[in-house]
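Undergrad: Mind looking at a prediction? Sequence and model below.
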Amino acid sequence: MADGSARLFLKLQRITMATGLALLLGGCSGMFFYPDRATYITPDRLNLAYEDISLQSPDGETLHGWWLPAVQTPAKGTVYFLHGNAQNISSHILNVAWLPDKGYNVFALDYRGYGRSTGVSTLEGTLSDTETGLRWLASQPARLGGKPLFILGQSLGGGLAIPVAAEWTQRNRQPPLDGVILDATFSGFRAITREKLDGFWLTWPLQIPLSWTIPDDYEGVDHIARISPVPVMVIHSVRDGLIPFHHGLRLYEAADEPKTLMRTDTGHGGTFVLPEFKEGLLEFMEGNDDLPRKPRKDAE
């Protein structure tokens, strides 16, 4: 029996070492991306008008997105939607499919490696893709119609939105953002990596060295204050079992004014299932359309 226990212990030890070595060699950034290329639903199945959008990234990838025009004309504004880490826009579209009926255009983008977008997902690549989508919107004044522009990032999408929105604001790029909404977003890429590794016994001993494979240049808590004076709304569920509530609270505390915190009680990614949370988002957007701005840095 003792020999059997010893052999089992050695086997588990080898598994732990192999798991750690694989993560160290490959880096941990891949744990953020679980794309697929299936089509789950298209906007027309939801009785929505839409247009397929194809963009070229600076490094030559082709990115696919959907433009969903508002039902009313003129639109109240435009929402740039950045989805979570699994599947693709066709599985996340229900999160924003209700917005065109409320008067908002929606642009939803698939990062590289997701859906019909080419390439392989990486942290730096998806950050670049997020900015590519925002720059495309900025080049479409007829679509925007001079109305407010918001970013809505859910989970991973919020983690990508923070540094991109901060840079956009600090460089005084046009058009200015009118609000950044972060739903179920982690406080930082390295922070959530360390937390998840800490919760699994095989990787617990390696949580510190493995988390160091994640660049610390894009931690949300380090950048969120730089989004000001653009209003920020942090949405987080006290029942979120994937990204615990304390992540949203840390982001809210790190943000500069103006800022809003909306506590919810749904599962991860389920915010807009309930009408009261839809109304909370609309109140934020409609209340910050014409908020006076503090002076910014000179444009680049």
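TA: Noted; the coordinates are in hand.
Undergrad: For residue 68, list each beta-bridge partner.
TA: In this entry, residue 68 is beta-bridged to residue 106, by DSSP bridges.
Undergrad: ok, it to residue 235 distance?
TA: 21 Å (Cβ to Cβ, to the nearest Å). Placement of C-beta: from N, CA and C, glycine included.
Undergrad: Now do the contacts for residue 261.
TA: 233, 234, 236, 248, 249, 252 (Cβ atoms under 8 Å, 6 or more residues apart in numbering).
Undergrad: ok, which pair from those residues is furthest apart?
TA: 233 and 249 (13.7 Å; Cβ to Cβ).
Undergrad: now residue 86, which residues is it bridged with?
TA: residue 34.
Undergrad: Let the chain start at 577 from now.
TA: In the new numbering, first residue 577, that becomes residue 662.
Undergrad: check contacts around residue 751.
TA: The neighbours of residue 751, taking Cβ under 8 Å, 6+ apart as the test, are 714, 717, 720, 725.
Undergrad: Just say helix, strand or coil for the closest residue to residue 810 other than its chain neighbours.
TA: In space, residue 810 comes closest to residue 828 once its chain neighbours are excluded; the distance is 4.3 Å by Cβ to Cβ, 6 or more residues apart in numbering. Per DSSP: H, G, I helix; E, B strand; the rest coil, the secondary structure class of residue 828 is helix.
Undergrad: quick one: pLDDT of residue 828?
TA: Residue 828 carries a pLDDT value of 98.
Undergrad: Likewise for residue 866?
TA: 52.
Undergrad: Residue 671 too?
TA: For residue 671, pLDDT reads 97.
Undergrad: Check the contact between it and residue 729; I expect there is one.
TA: No - the criterion here is Cβ atoms under 8 Å, and residue 671 misses it with residue 729 at 10.9 Å.
Undergrad: joint contacts of the two?
TA: Common neighbours of residue 671 and residue 729, using Cβ under 8 Å, 6+ apart, are residue 657.
Undergrad: More neighbours: those two, which one.
TA: residue 729 (26 against 23; other Cβ atoms under 10 Å).
Undergrad: wait, what's in contact with that one?
TA: Taking Cβ under 8 Å, 6+ apart as the test, what residue 729 contacts is 657, 658, 735, 736, 737, 738, 756, 757, 758, 759, 761.
Undergrad: And for residue 827?
TA: So residue 827 contacts 738, 758, 761, 763, 796, 797, 800, 810 (Cβ under 8 Å, 6+ apart).
Undergrad: taking those one by one, which sit in helices?
TA: Those of these mapping onto helices are 738, 796, 797, per DSSP state H.
Undergrad: show me where the stretch 627-776 of the chain has helices.
TA: Under the criterion DSSP state H, counting those that start in this stretch, helices of the stretch 627-776 of the chain are mapped to 665-668, 699-714, 717-720, 732-746, 765-774.
Undergrad: Report the separation between the two terminal residues of stretch 662-673.
TA: From its first residue to its last, stretch 662-673 covers 18 Å (Cα to Cα, to the nearest Å).
Undergrad: again but with stretch 749-769, I slipped
TA: Using Cα to Cα, the two ends of stretch 749-769 sit 31 Å apart.
Undergrad: can you pull the buried residues of it?
TA: 749, 753-769 (16 or more other Cβ atoms under 10 Å).
Undergrad: Tell me where the chain is predicted with low confidence.
TA: 577-607, 772-791, 865-876 (pLDDT under 70).
Undergrad: Out of the buried residues of stretch 749-769, which sit inside strands?
TA: 755, 756, 757, 758, 759 (DSSP state E).
Undergrad: Those residues: which two are farthest apart?
TA: Farthest apart among those - using Cβ to Cβ - are 755 and 759, which lie 12.7 Å from each other.
Undergrad: so what's residue 744 up against?
TA: Residue 744 neighbours (Cβ under 8 Å, 6+ apart): 707, 710, 753.
Undergrad: Pick out whichever of these sits closest to residue 678.
TA: Using Cβ to Cβ, residue 753 comes nearest to residue 678 of these, at 19.2 Å.
Undergrad: OK, contacts around that closest one?
TA: Residues in contact with residue 753 (Cβ under 8 Å, 6+ apart) are 725, 726, 727, 741, 744, 745, 803, 806.
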